[in-house]
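Enquirer: Need a 3D model of the sequence below.
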Amino acid sequence: HYDNWAKDFELIAELGIRGLRWGIPWYRIEREKGKFDFSFADKAIEKLDSLNITVILDLMHYGCPLWMKDAFLDEAYPERVCRYTEAVLEHYRGSIHYVTPFNEPHTAAEFCGKLAQWPPYKNSDEYYFRIMAQIVKGAQEQTRIARRLGMETVHIECSGGSFSDDPRFEQLA
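Expert: Okay, the predicted model is just below:
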């Protein structure tokens, strides 16, 4: 997508789609802590606007910046995601009206904390819940920031996930 984003958006427009959730890549916007570069996102959002496609901006679509060593387990994650959110929403204030604070919190917590497939690559119920708690803390404040700036929030979640404290049922769960 990063190589073909303009064509991707043109194809979406050809389908007659007038609204699109698009994930702004935090890890590309803030490659260095506290330094924001909106050049890629500006071009993408400008293109969507030129195609008359309303953007629902995903603020967090999985990837934390690489400088966050422990990703969602970083104790400052909620504060950092809120600082990023504030910067993004102030930058796009007036042109973006809908935001998704965090795309699929359960999926992220599962793949990061239970299945060890995404950073920080943990694999236990304890890490699932620790990561989920961090994500929820951040998303709650991201929602407050968006509302304060007059934007509507669109929350997205896939449902799933089950746990058993009885080892006989762990595989089934």
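Enquirer: roughly how far apart are the residue nearest to residue 105 when sequence neighbours are not counted and residue 46?
Expert: Among residues not flanking residue 105 along the chain, residue 135 sits closest, at 4.6 Å (Cβ to Cβ, 6 or more residues apart in numbering). The way it works is simple: take the backbone N, C-alpha and C, and place the C-beta from them, glycine included. Between residue 135 and residue 46 the computed distance is 30 Å (Cβ to Cβ, to the nearest Å).
Enquirer: Just to be sure, residue 20 is in a strand?
Expert: Yes - according to DSSP: H, G, I helix; E, B strand; the rest coil, residue 20 belongs to a strand.
Enquirer: Between residue 135 and residue 46, point out the one with more neighbours.
Expert: residue 135 (24 against 11; other Cβ atoms under 10 Å).
Enquirer: I figured that one was touching residue 108, is that so?
Expert: Yes - with contacts counted by Cβ atoms under 8 Å, residue 135 reaches residue 108, the gap being 6.2 Å.
Enquirer: Which single helix of the protein contains the most residues?
Expert: helix 125-148 (DSSP state H).
Enquirer: Find me the pLDDT at the residue nearest to residue 105, would you?
Expert: Among the per-residue scores, residue 135 shows a pLDDT of 97.
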